[in-house]
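**Student:** Generate a structure from the sequence data that follows.
(one chain, ligands or ions: 2)
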Amino acid sequence: MAPRCWRWWHWLGWPRIRPPSASNSTNSGFYRHFSAQKNPQICVVGSGPAGFYTAQHLLKHHTQAHVDIYEKQLVPFGLVRFGVAPDHPEVKNVINTFTQTARSDRCAFRGNVVVGKDVTVPELQGAYHAVVLSYGAEDHQRLEIPGEELPGVCSARAFVGWYNGLPENRELAPDLSCDTAVILGQGNVALDVARILLTPHEHLEKTDITEAALGVLRQSQVKTVWIVGRRGPLQVAFTIKELREMIHLPGTRPILDPADFLGLQDRIKEVPRPRKRLMELLLQTATEKPGAGAARQALATRAWGLRFFRSPQQVLPSPDGRRAAGIRLAVTRLEGVGEATQAVPTGDTEDLPCGLVLSSVGYKSRPIDPSVPFDSKLGIIPNVEGRVVDVPGLYCSGWVKRGPTGVITTTMTDSFLTSQMLLQDLKAGLLPSGPRPGFAAIQALLSSRGVRPVSFSDWEKLDAEEVSRGQGAGKPREKLVDPHEMLRLLGH
Ligand SMILES: Cc1cc2nc3c(=O)[nH]c(=O)nc-3n(C[C@H](O)[C@H](O)[C@H](O)COP(=O)(O)OP(=O)(O)OC[C@H]3O[C@@H](n4cnc5c(N)ncnc54)[C@H](O)[C@@H]3O)c2cc1C
Ligand SMILES: NC(=O)c1ccc[n+]([C@@H]2O[C@H](COP(=O)([O-])OP(=O)(O)OC[C@H]3O[C@@H](n4cnc5c(N)ncnc54)[C@H](OP(=O)(O)O)[C@@H]3O)[C@@H](O)[C@H]2O)c1
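**Tutor:** Ligands and ions are numbered 1, 2, ... in the order given. Model (predicted):
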């Protein structure tokens, strides 16, 4: 079998230096180039939690390593900026740790560079000793049902991007003139979206939600939000903290049908403790007798409800066919046990009238470059503990490595693991050790293509501008959402 470095060289298509023939490989000086590299140049693609945690671990455990973090946006931090809900500011504190990493003199942020378009992965491989792909999951999972394209249907991904100031979603302006919204999917993103739709706007005014989103939410007529799951209460994907926030949302009341919870008390005895506590809270809320909370509930002007055993079948058009007016749901029952429990249609359907359908059935990674293997069924880069299968020198971390689930701490753990594998390979001499030009070579390429990267100090200027714009309104920041304006502010 060809040695690993052979295949690596082959992948690179490196034209200037030829690997030795297999026959003289054992005593060739060539392999001395693959001894442990003293000053490795490493490149990370993506500046979300996966990118930053990978870089942090590499820099901490290899005191001579240099890490460049490439990012397509003009600003860093991925879903911490563009995903995490504006009313969860404490979650965004990880930005302080990421900032420390970015300020290291062995780390550089290279924003405004779309890898796969402005520069290819093989070009990065040629310039660095190792490349780590940490570019997340930027698409949404489609429902694949008729009517999905109608106005009034929107992915939760785009909706979240809109209220969080993601440039590509800044024009979304969803129509909230309807009374009822339906969210498909029962994960934490679904609960984030429901909460933002129903939170009194005066509570959002002190967050970093964009002013444009706030303007639309102030005019919202949405009074009821249904959160629909294809399976049952035991299979919900949201967690207890987020459910508690929904239950305590001012001015709203929950609508839970006690019939959905019959027999649950007995079944939850065996489930792991976190799920048991979640189920107990759901049960308690569904079966609560009028009491202390009754007065609050009576005053509620808005409501949210969980509907179970309902799978989306078709978005129903309005009579003129111009927009969504409801959703047809297939009634389901469960088959299988434990993790393998599946929703199977019973043949019955139910129509739920609504003016807004938000599909929140998960995110999805896309392939970045034809040279990088991609498992389109699983939506990940095939890898073993972060080593991309059959491509030595190429690694992955975060959502593109394991799929679009898991919180920031899960992403931290898997990014540290990827970094460990890379450092092991480096130590074992499995990565090339001859000098690598790093950013110098890529900068020349980018410049010849008219691409001008932005640095971390550029971000710090934009950051200061955002904070200053937010101050007048008592907000932590007013996000800049227009890339042209950002570049103008940077003098580019
Ligand atoms: C709506 C939402 C809310 C969430 N809220 C929480 C929460 O409250 N708490 C919590 O712990 N977790 C939360 N999570 C989960 C958390 O955000 C993820 O675990 C984490 O962000 C995954 O990190 P990542 O780096 O793999 O992906 P991302 O954060 O998506 O980072 C990927 C980065 O790669 C960049 N990129 C993409 N393509 C390219 C390219 N071609 N070239 C260069 N750069 C590229 C992207 O712009 C992005 O900056 C939330 C997730 C979502 C979707
Ligand atoms: N506050 C927080 O900590 C926070 C906030 C937001 C996101 N996150 C994390 O980010 C990750 C992504 O969240 P997410 O909500 O996008 O995904 P998720 O947790 O995987 O939930 C997806 C939901 O969509 C449903 N679904 C999937 N395909 C479907 C289909 N074809 N038809 C109907 N329903 C379908 C799933 O049901 P099935 O179970 O039946 O497949 C599930 O209820 C999660 O790990 C989440 O915890 C965390």
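**Student:** so what's the closest residue to residue 139 other than its chain neighbours up against?
**Tutor:** With sequence-adjacent residues excluded and distances taken as Cβ to Cβ, 6 or more residues apart in numbering, residue 139 is closest to residue 364, at 4.2 Å. Every residue, glycine included, has its C-beta placed from N, CA and C. Contact analysis of residue 364 by Cβ atoms under 8 Å, 6 or more residues apart in numbering lists 137, 138, 139, 140, 141, 379, 404.
**Student:** Would you mind giving me the confidence score for the fifth one?
**Tutor:** Confidence per residue is given as pLDDT, and for residue 141 that number is 94.
**Student:** what's the residue nearest to it when sequence neighbours are not counted sitting at in phi/psi?
**Tutor:** Spatial nearest neighbour of residue 141, excluding adjacent residues (Cβ to Cβ, 6+ apart): residue 362 at 4.3 Å. Per-residue torsions, residue 362: phi 120, psi 160 (degrees, to the nearest 10).
**Student:** With residue 216 instead?
**Tutor:** Torsion angles, degrees, to the nearest 10, at residue 216: phi -70, psi -40.
**Student:** wait, it sits on residue 174?
**Tutor:** Yes - between residue 216 and residue 174 a contact is recorded at 6.8 Å, counting by Cβ atoms under 8 Å.
**Student:** Please say which of those two ends up with more neighbours.
**Tutor:** The residue with more neighbours, out of residue 216 and residue 174, is residue 174; 21 against 16, by other Cβ atoms under 10 Å.
**Student:** Retrieve the pLDDT associated with whichever residue of the stretch 251-400 of the chain sits closest to ligand 1.
**Tutor:** Nearest residue of the stretch 251-400 of the chain to ligand 1 (Cβ to the nearest ligand atom) works out as residue 398 at 2.4 Å. Confidence at residue 398, expressed as pLDDT, is 98.
**Student:** Make a PyMOL selection of the buried ones in the contacts of residue 364.
**Tutor:** To isolate the buried ones among the contacts of residue 364 in PyMOL, judged by 16 or more other Cβ atoms under 10 Å, type:
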select buried, resi 137+138+140+141+379+404
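**Student:** What about ligand 1: which of the contacts of residue 364 touch it?
**Tutor:** By Cβ under 6 Å from any ligand atom, the members of the contacts of residue 364 lying near ligand 1 are residue 138.
**Student:** For ligand 1, state which of the contacts of residue 364 is nearest.
**Tutor:** Closest approach between these and ligand 1, by Cβ to the nearest ligand atom: residue 138, at 5.4 Å.
**Student:** from memory the closest one sits against residue 367, does it?
**Tutor:** No - between residue 138 and residue 367 there is no contact, the gap being 11.3 Å when judged by Cβ under 8 Å.
**Student:** burial count for residue 457?
**Tutor:** Look at residue 457: counted by other Cβ under 10 Å, it has 11 neighbours.
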